[in-house]
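In: generate a structure from the sequence data that follows.
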Amino acid sequence: MGPRSGTCLRQTRDRLAGERLTVIGTRRNRFTSLGRAWLLHVVARVAFVALATLLSVLSVPARAWADPVADDIATVVAEMTVALDRHRQASLLAPVSVEWSDGAQLHAIYLTQNSGRPERAGLLIHTETPGLSGYTEAGAASAGQSHVSEGSSNARTAIDSLIDAPLHRHALMDPRLTSIGLGHSSEPEPSTVLPTWVIDLASRNRPWTGPPAVIAYPGPGQMRVPLRFPSGEVPDPRAALVSPGSPLPDTGYPITLHFFGCAPQDADVHLFRSLQSGTRVGEAEVPVAIVPPGLVLQTPTGDRPIEMVLFMARVPLTPQTGYRADVTVTCGSLGRATYSWEFATRAILKPPNISSVVGKPDPDGWQTVTLTVSDPDGVAMPVQGTRIDAEFRFENVRTGSTPATSGAPELDWTDRVSSIDGRLRFRIRMRGAARADLKVTVEDDTVPVTIPVVVEPSGSGVPRQVRSSLEPFPVMPGAVEQWVAAIGKTPVFRRRD
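Out: Numbering: from 1, shown residues only. The predicted model follows:
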């Protein structure tokens with residue numbers, strides 16, 4: 001049998017607070033020569049704009065800017081290729097290629113043109129309704145076998161959101177996956193329609209051959225693993241842990257063991273946290289929750305089975321800590337076996353690792369403020385800006401309690417989700433103010449962090465270079481070798497040199 005299709009993830013958050021809506025699923029599609037030239041004309045201008053909240057009740061205008069997808073397709077394709085490969089590489093899987101896909105593009109346009117309509121709610125994201133704007137036979141034919149990410153401002157965040165959602169991770173961890181097709185659509189700002197990425201997974205639609213494969217994620221020895229289960233998967237696996245209608249628990253990052261070529265059953269899972277006191281090193285078992293393989297999750301628009309071993313700590317994981325997962329499970333010709341591997345979590349966001357550079361005014365009076373965010377090792381961290389509080393000083397008199405009027409100082413986010421080099425940007429126009437004292441809040445998946453930024457017409461700060469957030473995950477010494485020795489080498493367990 002071929003792989004299942006039609007899984008969907010929806011993350012709904014308040015856009016003004018700097019969060020996003022994401023819908024993800026699976027679909028098949030065919031890449032033709034229509035591609036790149038046509039895309040430049042049909043992709044709407046995209047902006048991921050947030051309104052900064054000011055202590056002074058200043059209004060913050062929305063602003064549209066150039067669509068990085070339409071403006072630089074080659075760069076976006078390269079970024080998505082690396083973004084996906086780093087996750088597959090962590091699980092010892094071969095890389096995949098990325099191309100623009102006409103079918104994916106048509107479905108992306110259909111989704112943006114029908115945003116908010118009930119015909120595309122929930123798992124109906126994988127269908128198209130004849131008569132609706134943007135409907136095409138090509139889009140409808142492929143709509144059931146793709147992943148869709150709405151609200152992601154760049155290729156890295158689109159892929160990361162899919163990997164973080166375990167029902168969608170499964171397809172991206174498939175050893176049969178050799179290539180993906182990509183489509184993108186958005187509408188000009190200001191708009192409530194979020195940027196839409198459609199990711200074609202047609203290359204995995206073939207029968208499994210050979211012995212079963214076992215894939216772990218986080219991968220063996222993988223470091224910088226997130227701490228929390230992301231909210232919003234539809235159906236959300238955590239719903240199986242509580243009674244209907246109850247709030248979803250705040251759990252640790254989802255840990256998955258994927259099987260291809262057999263169906264796992266009767267899983268027993270354990271998670272251990274490393275402990276160190278002086279020179280003594282030990283382990284403590286961590287309470288976990290399991291969503292058993294074969295369980296069917298139900299939604300008003302469709303049902304989905306759990307195809308992997310999925311479990312999580314009952315509370316968020318501890319930062320910069322080593323963990324060991326033990327899974328005993330029965331799966332086809334593999335029989336009943338125990339699989340054990342280690343991983344380590346990432347650092348939390350801290351103010352000393354956030355720096356700022358204030359540019360000088362341009363001819364229109366705008367100054368660009370660039371924040372650079374990294375972890376303690378100097379690697380860019382995926383974060384987003386959520387709030388700016390501002391006070392302005394005019395001739396040694398500090399103001400901030402008067403609503404903005406024509407000619408008042410202005411603030412405008414331009415890049416409020418960090419780039420692969422850890423940079424966020426916003427603009428400020430002083431309008432005659434001698435100084436602005438800002439408190440800028442950024443956050444990851446743990447807690448928000450606020451840093452002070454002083455803006456003066458002369459500018460300030462020196463750019464700080466950090467390592468790309470797309471670099472491969474570091475690996476704990478010996479962990480890969482232990483996994484390969486236990487599982488055995490097959491063509492799918494390989495890393496790209």
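In: can you give me the strands in the stretch 201-350 of the chain?
Out: Assigned by DSSP state E, counting those that start in this stretch, the stretch 201-350 of the chain shows strands spanning 213-217, 233-234, 255-260, 265-277, 280-286, 288-291, 296-299, 302-305, 309-313, 322-330, 336-344.
In: against which helices or strands is the first one packed?
Out: When you say that, I think you mean strand 213-217. With contacts taken as 3 or more Cβ pairs under 8 Å, 6 or more residues apart in numbering; DSSP states H and E, strand 213-217 sits against strand 255-260, strand 336-344. Where C-beta positions appear, they are placed from N, C-alpha and C, glycine not excepted.
In: one more time with 10 Å
Out: Using 3 or more Cβ pairs under 10 Å, 6 or more residues apart in numbering; DSSP states H and E as the contact test, the elements touching strand 213-217 are helix 73-90, helix 166-172, strand 255-260, strand 322-330, strand 336-344, helix 479-487.
In: cool, and the shortest one?
Out: Judged by 3+ Cβ pairs under 10 Å, 6+ apart, the packing partners of strand 233-234 are strand 8-11, strand 22-24, helix 166-172, strand 296-299, strand 302-305.
In: hmm, 8 Å instead?
Out: Using 3+ Cβ pairs under 8 Å, 6+ apart, the elements in contact with strand 233-234 are strand 8-11, helix 166-172.
In: could you tell me the least trusted of the strands of the stretch 201-350 of the chain?
Out: Among the strands of the stretch 201-350 of the chain, strand 233-234 carries the lowest mean pLDDT, a mean of 78.
In: run me through the strand neighbours of that one, direction for each.
Out: Paired strands of strand 233-234, with direction, are strand 8-11 (antiparallel) (DSSP bridges).
In: show me what counts as buried in stretch 120-138.
Out: Neighbour-count burial for stretch 120-138 flags 120-128, 134-136, 138 (criterion: 16 or more other Cβ atoms under 10 Å).
In: just checking, which of these belong to helices?
Out: Members of the buried residues of stretch 120-138 lying in helices (criterion: DSSP state H): A138.
In: wait, which of the buried residues of stretch 120-138 is closest to N114?
Out: Distances from N114 to the buried residues of stretch 120-138, taken as Cβ to Cβ, are shortest for R120 (5.4 Å).
In: pretty sure the closest one contacts T112?
Out: No. Counting by Cβ atoms under 8 Å, R120 stays clear of T112, with 10.2 Å between them.
In: and S340, how many neighbours does it have?
Out: As a burial measure, S340 scores 16 neighbours (other Cβ atoms under 10 Å).
In: over to the one 5 residues further on?
Out: Residues within reach of T345, counting by other Cβ under 10 Å, total 23.
In: please tell me how far it sits from A90.
Out: Using Cβ to Cβ, to the nearest Å, one gets 14 Å for the distance from T345 to A90.
In: among the strands of the stretch 201-350 of the chain, which comes closest to E456?
Out: With Cβ to Cβ as the criterion, E456 lies closest to strand 336-344 of the strands of the stretch 201-350 of the chain, at 42.0 Å.
In: pull the distance from that closest one to the chain's centre.
Out: Distance of strand 336-344 from its chain centroid, counting by Cα atoms, centre = their mean, to the nearest Å, is 25 Å.
In: quick one: buried residues of it?
Out: Burial within strand 336-344, assessed by neighbour count using 16+ other Cβ under 10 Å, is assigned to Y339, S340, W341, E342, F343, A344.
In: of the helices and strands packed on strand 213-217, flag the one that's most buried.
Out: Neighbour counts (mean count of other Cβ atoms under 10 Å) averaged over each of these peak at helix 166-172, with a mean of 25.
In: beyond it, next helix or strand please.
Out: Following helix 166-172 in sequence order, the next helix or strand is strand 179-185 (DSSP states H and E).
In: relative to helix 73-90, how tilted is that next one?
Out: Taking axes from the mean of the first three to the mean of the last three Cα atoms, to 10 degrees, one finds strand 179-185 and helix 73-90 inclined to each other by 130 degrees.
In: neighbouring strands - and their directions - for strand 179-185?
Out: Strand pairing (DSSP bridges) places strand 179-185 next to strand 97-100 (parallel), strand 196-200 (antiparallel).
In: which one of those strands is the most hemmed in?
Out: strand 196-200 (a mean of 31).
In: what's near enough to touch the closest residue to P230 other than its chain neighbours?
Out: Among residues not flanking P230 along the chain, D164 sits closest, at 4.5 Å (Cβ to Cβ, 6 or more residues apart in numbering). D164 is in contact with P226, P230, Y253, P254, counting by Cβ atoms under 8 Å, 6 or more residues apart in numbering.
In: ok, the second one to M381 distance?
Out: To M381, P230 is 16 Å away according to Cβ to Cβ.
In: more neighbours: which of these two?
Out: Using other Cβ under 10 Å as the criterion, P230 and M381 rank with M381 on top: 22 against 19.
In: the residue nearest to that one when sequence neighbours are not counted sits in which helix or strand?
Out: Distances taken as Cβ to Cβ, 6+ apart place V373 nearest to M381, at 5.0 Å, with adjacent residues excluded. Per DSSP H and E, V373 falls inside strand 366-373.
In: then W413?
Out: Assessed by DSSP H and E, W413 sits inside strand 410-415.
In: G103 now?
Out: Using DSSP H and E, G103 falls in helix 102-113.
In: okay if I get the strands paired with strand 179-185 as CSV plus distance to P293?
Out: Converted to CSV, the strands paired with strand 179-185 look like this (distance: least, Cβ to Cβ, whole Å):
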stretch, distance to P293
strand 97-100, 30
strand 196-200, 24
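In: okay if I get the ones you listed as TSV plus mean pLDDT and distance to H147?
Out: As requested, those are arranged in TSV below (pLDDT from 0 to 100; distance: least, Cβ to Cβ, whole Å):
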stretch	mean pLDDT	distance to H147
strand 97-100	91	13
strand 196-200	90	4
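In: correct me, but V358 touches Q367?
Out: Yes. Under the criterion of Cβ under 8 Å, V358 makes contact with Q367 at 6.1 Å.
In: what is in contact with these two at once?
Out: Both V358 and Q367 are contacted by V455, G459, under the criterion Cβ under 8 Å, 6+ apart.
In: R224 contacts F473, doesn't it?
Out: Yes. Using Cβ under 8 Å as the test, R224 is close enough to F473 to be in contact (5.7 Å).
In: quick revisit: counting contacts, what elements does the helix holding G103 pack onto?
Out: helix 35-42, helix 137-142, strand 146-150, strand 179-185, strand 196-200.
In: out of the helices and strands packed on strand 213-217, which gets nearest to F426?
Out: Short answer: helix 73-90, nearest of those by Cβ to Cβ, at 22.4 Å.
In: what does the closest one rub up against?
Out: 36, 39-40, 68-69, 94-100, 154-156, 158-160, 163, 172-173, 180, 182, 184, 217-219, 222, 420, 470-473, 475, 495-496.
In: quick one: furthest residue from the center of the chain?
Out: Distance from the C-alpha centroid of the chain, by Cα atoms, centre = their mean, peaks at E395 (45.0 Å).
In: give me the neighbour count for the nearest residue to that residue once chain neighbours are set aside.
Out: Leaving aside its chain neighbours, E395 sits nearest to A434 (6.8 Å; criterion: Cβ to Cβ, 6+ apart). By the criterion of other Cβ under 10 Å, A434 has 13 neighbours.
In: contact partners for A434?
Out: Counting by Cβ under 8 Å, 6+ apart, A434 makes contact with R393, F394, E395, N396, E456, P457.
In: between the residues you listed, which is closest to W208?
Out: Ranked by distance to W208 (Cβ to Cβ), these are led by E456 at 62.9 Å.
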